[in-house]
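[1] Compute the structure for the input listed below.
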Amino acid sequence: MRRLSQLMGTCQGEGPGCWQGAAREGDSFRVGGEEAFGWMRKKRKTVHLYALGDVGGTLLMGLRLLGGESLEEIGIYDIREPMKARWEMEMNQVREADGSRRFPPVRVLEEPALFACDVFLFCASLGVPPVGEETGDVRMAQYQANAGLVRQVAGAAAAAGFGGLFGVVSDPVDPLCRTAAAAGLAPEQVKGFGLGVMNARAAYFAERDPRFASFLTEGAAFGPHGEDLVIANSLAHYDDALSRELTRLTVKANLRVRELGFKPYLAPALSSGALSVLAAVEGREHYSSTALGGVWFGSRNRLTPRGIQVADPPLPEPLYERLEQAYRNLKELERL
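    Take a look at the predicted model:
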């Protein structure tokens with residue numbers, strides 16, 4: 001059986017996301033190193049959020065409520081001064097009556113302090129079409145609007161010597177990761193947080209249809225947060241037809257929310273955002289995208305002080321072929 005790591009074979013060591021010498025360790029491989037992840041040795045990390053729209057604000061709520069043991073503080077930035085003031089005020093008023101539980105303090109940031117952190121989260125969401133006016137893949141419609149801002153912010157981070165993790169939460173996550181790295185950041189310090197919600201959406205359907213029940217204990221999600229997503233009903237007992245059906249349901253789940261008249265940002269901000277980010281900084285396994293051979297590709301992985309440990313189990317051939325196609329399609333997006 002082939003493995004996810006074999007997708008890296010097309011990398012020739014040129015361009016953002018290409019590097020040699022990924023170290024195999026059992027059913028996983030490690031990329032990056034101490035120079036990029038030494039901050040993981042800290043007990044509590046500092047996280048900064050850039051932009052407090054629907055996604056950023058919801059993500060902030062999740063970090064404030066759940067991050068007491070793993071976050072030192074949360075810095076927030078938005079170009080709208082009243083927005084920063086409102087979120088600082090309201091979030092620091094969220095606490096329990098007896099004071100027994102710690103909540104990470106929320107602090108307003110000015111531009112010079114943006115990158116004085118361990119984790120920087122880009123949450124700006126430009127170009128989101130109003131509900132009822134969607135055409136085609138909404139995520140890709142956002143690329144042109146968000147790419148310029150990502151390039152500007154990531155370039156500023158690189159110029160400032162930022163050595164932490166640059167996390168992209170905005171859509172389309174994976175192409176925007178490449179844009180961030182191309183602006184001067186090291187590929188291993190750029191991560192996309194978009195796959196967590198796709199795993200959660202697949203689990204939602206698996207809980208409601210016994211045909212997909214194996215996903216809850218044996219399944220996996222791979223690839224981008226979008227049309228090329230790959231859901232496997234089971235790694236041990238893979239069924240291609242069932243997996244493709246579950247993938248289709250998962251990809252279209254956001255459209256079902258839009259049909260109800262709402263923007264589908266709550267589950268992404270919490271499953272891909274807050275919960276995945278906290279798992280990452282705590283060194284736990286989670287879903288996010290990592291640079292593999294010049295492409296940011298989503299899979300299970302965890303951060304360690306020595307680098308990113310990417311799960312690399314043997315894959316049934318039909319599943320590997322699906323991953324190959326998704327990988328090739330992401331490579332095509334390099335021309336955007």
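[2] just the helices in this structure please.
    With DSSP state H applied, the chain shows helices at 34-37, 54-66, 81-91, 138-141, 143-159, 173-182, 195-208, 215-218, 240-259, 266-267, 276-281, 317-332, listed in chain order.
[3] and the angle for the second one with helix 81-91?
    Compare the direction of helix 54-66 with that of helix 81-91 by axes from the mean of the first three to the mean of the last three Cα atoms, to 10 degrees and you get 30 degrees.
[4] how far is helix 54-66 from where the chain is centred?
    Its chain's average C-alpha position is 15 Å from that of helix 54-66, according to Cα atoms, centre = their mean, to the nearest Å.
[5] can you list contacts of that helix?
    Residues external to helix 54-66 that are found in contact with it (Cβ atoms under 8 Å, 6 or more residues apart in numbering): 47, 49-50, 52, 71, 74, 76, 78, 87, 91, 94, 103-104, 106, 121, 123-125, 169-170, 263, 265-266, 268-270, 273-275, 277-278. (C-beta placed from N, C-alpha, C; glycine too.)
[6] In that helix, which residues are buried?
    Buried residues in helix 54-66, counting neighbours by 16 or more other Cβ atoms under 10 Å, are found at 54-64, 66.
[7] Output stretch 281-294 as PDB, restricted to C-alpha atoms.
    Extracted C-alpha coordinates of stretch 281-294, given in PDB (Å, rounded to 0.1, in the frame of the first residue of the first chain):
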ATOM      1  CA  VAL A 281      -0.800  24.300  20.500                       C
ATOM      2  CA  GLU A 282      -1.400  21.500  23.100                       C
ATOM      3  CA  GLY A 283       0.500  19.000  20.900                       C
ATOM      4  CA  ARG A 284      -2.600  16.900  20.200                       C
ATOM      5  CA  GLU A 285      -3.600  15.300  16.900                       C
ATOM      6  CA  HIS A 286      -5.900  17.500  14.900                       C
ATOM      7  CA  TYR A 287      -6.800  18.200  11.200                       C
ATOM      8  CA  SER A 288      -5.000  21.000   9.400                       C
ATOM      9  CA  SER A 289      -3.000  21.500   6.200                       C
ATOM     10  CA  THR A 290       0.700  21.100   6.000                       C
ATOM     11  CA  ALA A 291       3.100  22.000   3.100                       C
ATOM     12  CA  LEU A 292       3.800  18.700   1.200                       C
ATOM     13  CA  GLY A 293       5.800  19.100  -1.900                       C
ATOM     14  CA  GLY A 294       4.700  22.600  -2.600                       C
END
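[8] average pLDDT for that stretch?
    Throughout stretch 281-294, pLDDT has a mean value of 95.
[9] Over to stretch 51-71?
    Per-residue pLDDT values over stretch 51-71 give a mean of 98.
[10] circling back to that earlier point, drop anything exposed from the contacts of helix 54-66.
    Here, 16+ other Cβ under 10 Å leaves 47, 49-50, 52, 71, 74, 76, 78, 87, 91, 103-104, 106, 121, 123-125, 169-170, 263, 265, 268-270, 273-275, 277-278 buried among these.
[11] Any stretches of the stretch 51-200 of the chain with poor pLDDT?
    Low-confidence segments of the stretch 51-200 of the chain, defined by pLDDT under 70, are located at 127-141.
[12] which residues touch the closest residue to L149 other than its chain neighbours?
    Take L149 and drop its neighbours on the chain: the residue closest to it by Cβ to Cβ, 6 or more residues apart in numbering is A124, 5.6 Å away. Remark: with contacts taken as Cβ under 8 Å, 6+ apart, A124 is in contact with 50-51, 53, 56, 146, 149, 170.
[13] wait, L333 sits on P175?
    Yes. Under the contact definition of Cβ atoms under 8 Å, L333 touches P175, with a separation of 4.9 Å.
[14] If you count surrounding residues, which of those two has more?
    P175 (26 against 18; other Cβ atoms under 10 Å).
[15] what's the single longest strand in the chain?
    In terms of residue count, the longest strand belonging to the chain (DSSP state E) is strand 295-304.
[16] Give the partner strands of that strand in its sheet and their orientations.
    For strand 295-304, the paired strands and their directions (DSSP bridges) read strand 286-292 (antiparallel), strand 307-311 (antiparallel).
[17] where's the nearest residue to K42 once chain neighbours are set aside relative to H225, distance?
    With Cβ to Cβ, 6+ apart as the measure, D118 is the residue that lies nearest to K42, at 6.8 Å, once sequence neighbours are left out. As for D118, its distance to H225 is 23 Å (criterion: Cβ to Cβ, to the nearest Å).
[18] G196 too?
    For G196, the distance to H225 under the criterion Cβ to Cβ works out to 9 Å.
[19] what do those two both touch?
    In the contact map built from Cβ under 8 Å, 6+ apart, the residues linked to both G196 and H225 are S272.
[20] before we move on, back to that, and the residue nearest to K42, how many neighbours?
    By the criterion of other Cβ under 10 Å, D118 has 20 neighbours.
[21] Give me the phi and psi angles of it.
    The phi and psi values for D118, taken as degrees, to the nearest 10, are phi -90, psi -40.
[22] The residue positioned nearest the centre of the chain: what's it in contact with?
    In the chain, the centroid-proximal residue (Cα atoms, centre = their mean) is F193; its distance is 0.7 Å. Taking Cβ under 8 Å, 6+ apart as the definition of contact, the neighbours of F193 are 121, 167-169, 173, 272-273, 276-277, 288-289.
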